[in-house]
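Asker: Sequence first, then the predicted structure:
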Amino acid sequence: QVQLVESGGGLVQAGGSLTLSCASSGLTFSDYTMGWFRQAPGKEREFVGAITWTGSSTYYADSVKGRFTISRDNAKNTVNLQMTSLTSDDTAIYYCAAPGDVLTFTIGTSQYRYWGQGTQVTVSS
């Protein structure tokens, strides 16, 4: 059974930083692209960024490019999302996810099959 568990969310002031972590089990972590998504109240879930299974490449939504960084540790089966220069627009529930296919890079929400339960990030202005 695949499990993805996010942690690290919380309340942070605008301009501050926060790092989210996602621990995985039940899949061969090093074979999967890992993605981060977020959903703000009343909005659709949106792509934030993704990292290839080797960690050699990353891709970010324009809204977070230059502020957010994704990294992974395949030995520990974890993926992190480092967030800096946070604004109120970054307030959302953040999810990590893995696609349905191994060795495949995708940013499409519908391509992701395994999801964590999410962690709340609230940025106060």
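Answerer: Structure received.

Asker: Next up, the contacts around the residue most central in space within the chain.
Answerer: The centroid of the chain falls nearest to residue 36 when counting by Cα atoms, centre = their mean (2.2 Å). Residues counted as contacts of residue 36 (Cβ atoms under 8 Å, 6 or more residues apart in numbering) are 20, 22, 48-50, 68, 70, 79, 81, 94-97. Placement of C-beta: from N, CA and C, glycine included.

Asker: Need the max-distance pair from the residues you listed.
Answerer: Pairwise distances among the contacts of residue 36 were taken by Cβ to Cβ; the largest, 15.5 Å, belongs to 68 and 97.

Asker: what about the two, which has more around it?
Answerer: Looking at residue 68 and residue 97 with other Cβ atoms under 10 Å, you find the greater number of neighbours at residue 97, namely 24 against 21.

Asker: Not counting its neighbours along the chain, what's nearest the more buried one?
Answerer: residue 112 (4.0 Å; Cβ to Cβ, 6 or more residues apart in numbering).

Asker: just residue 45 next, same as before
Answerer: residue 39 (4.2 Å).

Asker: do residue 67 as well
Answerer: residue 85 (4.7 Å).

Asker: what's the answer for residue 13, then?
Answerer: For residue 13, the closest residue by Cβ to Cβ, 6+ apart turns out to be residue 124, at 5.5 Å.

Asker: Contacts only, for the one you found.
Answerer: Counting by Cβ under 8 Å, 6+ apart, residue 124 has contacts 11-14, 88.
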